[in-house]
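Visitor: mind looking at a prediction? Sequence and model below.
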Amino acid sequence: MRQKLFIIIFAMLTVSVPAQNFLSVLSYSTGLGVGKTGDFIDDFSWRGFSIEGRTFTQRNLSFGIMFGWNYFDQRTDETVQLEDGAVTGTQIRYLDLIPIMATMHYYFGKRRRHSIRAFAGVSAGTYIITQRLDLGIWSFRRSNWHFGLAPEVGVLVPLGSSALALSVKYNYAFHSGETFLNETSNTHSFLTFNLGFAFGY
């Protein structure tokens, strides 16, 4: 259902603004947890995508909105600290992350049909993050809305009227709401590696 909603949003974005001033970007997104997020799940994630619309206000500057989804999971036998003590056993850990963010990007060089353009940007907005741990018959779950920031660097490679969009983004979600298990903070940080197509280039 979530994937269908994002596809509908992407379709609406692609027809809402004249193409010469607008980019619609659909990306496959992989991820890697860092910091506390990497301590909880250190496996590389192959599940994720994002949908983005960017409106050019100047030749080298765009503003837009981005919706995304990344999913991490891992099976482990590590000791986990619960509220009443530590437990060791087979467990499955999950992280479900949904960013909804405003974006700003700056593009280097001139916009030409056959020119590769590097860009740098930053996103700001909210992450809906659900953290879960299953241990035997017990399941622990916590979901919070977080304010977050995401600096990004990438490149656009022209492909006719579209472009290949490659980027790396560092996502940081600030502490918010109730913590998971006995943790003192529920900040999250992760890298995403994005491969997509920019339509309207």
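Guide: Happy to help now that I have it. Residues are numbered from 1 along each chain as shown.

Visitor: go ahead and confirm Thr192 touches Lys169.
Guide: Yes - between Thr192 and Lys169 there is a contact at 4.7 Å, judged by Cβ atoms under 8 Å. Where C-beta positions appear, they are placed from N, C-alpha and C, glycine not excepted.

Visitor: which stretches of this structure form strands?
Guide: For the chain, the strands defined by DSSP state E occupy 22-34, 47-58, 61-76, 79-82, 85-88, 91-107, 117-135, 138-159, 162-173, 188-199.

Visitor: okay, those in TSV with mean pLDDT and mean neighbour count next?
Guide: Shown next, in TSV, are the strands of the chain (pLDDT from 0 to 100; neighbours: other Cβ atoms under 10 Å):
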stretch	mean pLDDT	mean neighbour count
strand 22-34	95	21
strand 47-58	93	19
strand 61-76	95	18
strand 79-82	68	13
strand 85-88	65	10
strand 91-107	95	19
strand 117-135	95	18
strand 138-159	93	16
strand 162-173	96	19
strand 188-199	96	20
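
Visitor: and those: which comes nearest Phe40?
Guide: Proximity to Phe40 (Cβ to Cβ) singles out strand 91-107 among the strands of the chain, at 6.0 Å.

Visitor: partner strands of that closest one, parallel or antiparallel?
Guide: Partners of strand 91-107 in the sheet, by DSSP bridges, are strand 61-76 (antiparallel), strand 117-135 (antiparallel).

Visitor: just the CA atoms of that strand, as PDB, please.
Guide: Provided in PDB are the C-alpha atoms of strand 91-107 (Å, rounded to 0.1, in the frame of the first residue of the first chain):
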ATOM      1  CA  GLN A  91      16.500 -12.200  18.000                       C
ATOM      2  CA  ILE A  92      15.400 -10.300  14.900                       C
ATOM      3  CA  ARG A  93      15.800  -6.600  14.800                       C
ATOM      4  CA  TYR A  94      13.900  -4.200  12.500                       C
ATOM      5  CA  LEU A  95      14.000  -0.600  11.500                       C
ATOM      6  CA  ASP A  96      11.300   1.000   9.300                       C
ATOM      7  CA  LEU A  97      12.200   4.600   8.300                       C
ATOM      8  CA  ILE A  98       9.900   7.000   6.300                       C
ATOM      9  CA  PRO A  99      11.400  10.400   5.500                       C
ATOM     10  CA  ILE A 100       9.100  13.300   4.400                       C
ATOM     11  CA  MET A 101      11.300  16.300   3.700                       C
ATOM     12  CA  ALA A 102      11.700  19.600   2.000                       C
ATOM     13  CA  THR A 103      14.800  19.800  -0.200                       C
ATOM     14  CA  MET A 104      17.200  22.300  -1.600                       C
ATOM     15  CA  HIS A 105      19.900  21.600  -4.200                       C
ATOM     16  CA  TYR A 106      22.700  23.600  -5.800                       C
ATOM     17  CA  TYR A 107      23.900  22.400  -9.300                       C
END
